[in-house]
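In: Predicted coordinates and the sequence they were generated for:
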Amino acid sequence: DGPAGVGVPECQTLKGQAEAIAAGKSAPKAPALPAGAEELLKTEPRNDHRTRPAATPAAEEKVVEPPTEFQRLVESSVGQMLPIFGASLFDKVPSTFAPLDWVPVNADYALGPGDELLVRVWGQVDLNLDLTLDRGGDIYIPQVGNVRVAGLQFQQVRAYIRSQLERIYRNFDLSVNVGQLRSIQIFVVGQARRPGNYTVSSLSTLVNALFASGGPSSQGSMRRIQLKRGGAVVTELDLYELLLQGDKRKDVPLQPGDVVYIPTAGPVVALAGSVKNAGIYELKGEANLMEVVQLAGGLAPTADGRRISVERITDHGSREVVEASLRDPKPSVSLRDGDLIRILTVAPHFENAITLRGNVANPGRYAWHSGMRLHDVIPDKESLITRDYWKKRNLLGFTQPAEAVPQGPSTEEAHKPEPTTVDAA
C-alpha cells in the first residue's frame with residue numbers, strides 16, 4: 001500500500017516518475033484534463049465582500065501626444081509651443097481601470113444581473129442572505145421563492161422585498177444593501193487616445209469612460225463627445241463646460257453596450273500673447289474675439305486691447321494679417337478655422353506723469369495736470385531731505401550692540417572655586 005491518503009495506482013505512478021527522473025529521462029506527461037476543466041481552473045474565483053482585498057490605486061502613466069501640424073505652425077510664428085486647451089486633464093491616466101467597488105450607490109441606481117444584495121432580517125425570523133441577481137434578474141429567498149428585482153431602483157428594492165417576505169412572515173424588520181456590483185462592457189471609438197472595448201463598473205459615467213481611455217487625442221474633439229445607445233445619441237458632452245464652469249449635467253451613467261464616440265476636432269484657433277491661458281481652442285459654432293478671450297480666462301493685466309493681430313490662412317494658399325480691437329462694441333473680424341490671435345503687451349509709456357529724482361524725500365512718478373507747478377511736487381523744505389538723513393539722525397542716541405559694555409560674570413561663576421593643580425616633582 002502507498003502512503004496514507006494515496007492509493008496504489010497513484011503510488012505506482014509517482015514511483016515510475018521518480019525512477020525516470022533518476023535515470024535522466026523526462027517524466028511521463030500527466031493525463032489530459034477533461035474538456036472544459038482547464039478553463040474552470042483558469043477562472044478566477046469571485047471575491048466575496050467579506051474577504052475582498054483592500055483596494056489599491058491604479059497605476060498612472062503619462063500619455064504624450066505628438067504636436068499637431070497647426071501647433072507647429074503656431075510655434076513658428078510665436079516662438080513657443082501652445083498646448084491644446086483641456087488636454088492636460090488626461091496627461092496622467094490610469095494604466096489599468098480600477099473598479100468602483102466601494103462607492104455608495106445612488107438612490108436611483110437600477111439593479112441588474114450580477115449585482116449582489118445583502119439582506120438582513122431580524123425579529124420573528126432571522127435571515128442573513130447574500131443574494132446575487134441571476135441572468136433573469138431574480139434572487140432566491142428561502143421559503144419565499146424567486147423574486148424579480150432587476151430594473152428596480154435601489155430606493156425601491158427594500159419596500160419590495162419586505163412586501164414579498166410579509167406573505168410568509170410577520171413582526172420583523174430588515175435592511176437591504178448593495179454588495180459587489182456588476183461589470184458592464186462599453187466601447188470607446190473615434191479619436192480617442194486608447195480606443196477599444198472596456199469593462200467598467202456599473203456605476204461608471206461618461207466622464208469615467210473618457211479617463212479610462214485616455215481622453216480625446218490631439219486630433220479629437222473636446223466639445224462634441226457623443227454617447228450612443230441603440231443607434232441613437234443619448235447625450236453630447238462639452239468638456240469646456242466641465243473645465244470652465246464645472247457643469248456635469250451632460251455626464252450620464254453608462255449601460256451595457258454603450259458606445260462613446262469622439263469625433264474629429266472642429267474649427268480651432270490659437271490665442272497667444274497677453275492672455276491668462278494661451279493655447280489652442282476649439283470653436284463651437286461662430287465665435288468672436290471676445291468669446292475666445294473669455295475661454296482663455298480673459299486678458300492679462302499687461303494686455304493692450306487696442307490692437308490685436310490676427311494671422312490667418314486664406315483659401316488654403318496664402319497667409320495674411322488682419323488687425324482688430326477689443327474696444328469695438330461689435331468686432332468686425334469674424335474668426336475662421338486656423339486663425340492665430342496675438343494680444344500685444346501695453347507699451348511701457350506713461351501718458352500723464354512726471355518723474356522726481358535726486359536728493360528728495362519721496363522720489364517717484366507723480367500725475368501731471370494742467371497748470372501744475374513745482375510747488376505741487378516739492379511743497380516744503382522737508383521734501384528736499386532724504387530718508388537716509390533721518391535714519392542716521394535717529395541713530396545718534398542709540399548705542400550699537402557691538403559697542404555695549406559686556407556684563408560681568410554671573411554670581412555662580414564669580415563664587416566658583418578655581419581648580420587645584422599639582423605640579424609634578
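Out: Done, it's in. None of the values given here were measured: they were computed from a predicted structure. Numbering: from 1, shown residues only.
In: Tell me the secondary structure at the most centrally placed residue in the chain.
Out: In the chain, the centroid-proximal residue (Cα atoms, centre = their mean) is L89; its distance is 5.6 Å. When classified by DSSP: H, G, I helix; E, B strand; the rest coil, L89 comes out as helix.
In: what's near enough to touch it?
Out: By Cβ atoms under 8 Å, 6 or more residues apart in numbering, L89 lies in contact with 215, 239, 243. In this view, the C-beta of every residue, glycine as well, is placed from N, C-alpha and C.
In: just the residues you listed now: which is nearest S221?
Out: Taking Cβ to Cβ as the measure, S221 sits nearest to L239 out of the contacts of L89, at 8.9 Å.
In: where does this structure dip in pLDDT?
Out: Scanning the chain for pLDDT under 70 picks out 1-63, 93-102, 329-332, 399-425.
In: what do you get if the cut-off is 80, keeping everything else the same?
Out: For the chain, the stretches flagged by pLDDT under 80 are 1-64, 92-103, 327-333, 397-425.
In: Show me the longest strand that occurs in it.
Out: Longest strand in the chain by number of residues (criterion: DSSP state E): strand 303-314.
In: Name the residues that touch that one?
Out: Contacts with strand 303-314, where a contact means Cβ under 8 Å, 6+ apart, come from 77, 273-275, 289, 299, 319-327, 333, 335-336, 338-347.
In: Equivalent analysis for stretch 154-170, please.
Out: Residues outside stretch 154-170 that contact it (Cβ under 8 Å, 6+ apart) are 105-109, 111, 117, 119, 121, 124-125, 141, 143-144, 147, 149, 152, 172, 174-176, 178.
In: Please repeat the previous calculation with a cut-off of 10 Å.
Out: Identification of contacts with stretch 154-170 by Cβ atoms under 10 Å, 6 or more residues apart in numbering yields 104-111, 115, 117, 119, 121, 123-125, 127, 129, 131, 139, 141-149, 152-153, 172-178.
In: for stretch 343-350, same thing?
Out: For stretch 343-350, contacts defined as Cβ under 10 Å, 6+ apart pick out 271-275, 278, 289, 293, 296, 299-309, 326, 365, 367-368.
In: ok, now stretch 70-82?
Out: So stretch 70-82 is contacted by 65-68, 83-84, 218, 265, 268-273, 278-281, 309, 311, 313, 319, 337-338, 340, 342 (Cβ under 10 Å, 6+ apart).
In: Just those: which are in strands?
Out: When DSSP E is applied, the contacts of stretch 70-82 are split such that 268-273, 279-281, 309, 311, 313, 319, 340, 342 fall in strands.
In: ok, of the residues you listed, which come out buried?
Out: When the ones in strands among the contacts of stretch 70-82 are checked for burial by 16 or more other Cβ atoms under 10 Å, the buried set is 268-273, 279-281, 309, 311, 313, 340, 342.
In: check contacts around V103.
Out: Contact analysis of V103 by Cβ under 10 Å, 6+ apart lists 181, 201, 203-204.
In: could you pull out the strands for the stretch 51-200 of the chain?
Out: In the stretch 51-200 of the chain, the strands defined using DSSP state E, counting those that start in this stretch lie at 60-62, 92-94, 116-123, 127-132, 138-141, 145-148, 172-178, 183-190, 196-201.
In: Would you format the ones you listed as TSV with mean neighbour count and distance to T355 included?
Out: Below are the strands of the stretch 51-200 of the chain laid out as TSV (neighbours: other Cβ atoms under 10 Å; distance: least, Cβ to Cβ, whole Å):
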stretch	mean neighbour count	distance to T355
strand 60-62	11	51
strand 92-94	16	51
strand 116-123	16	78
strand 127-132	15	82
strand 138-141	18	85
strand 145-148	14	86
strand 172-178	15	74
strand 183-190	18	61
strand 196-201	15	66
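In: closest to G397 out of these?
Out: The closest of the strands of the stretch 51-200 of the chain to G397 is strand 92-94. By Cβ to Cβ, the value is 63.7 Å.
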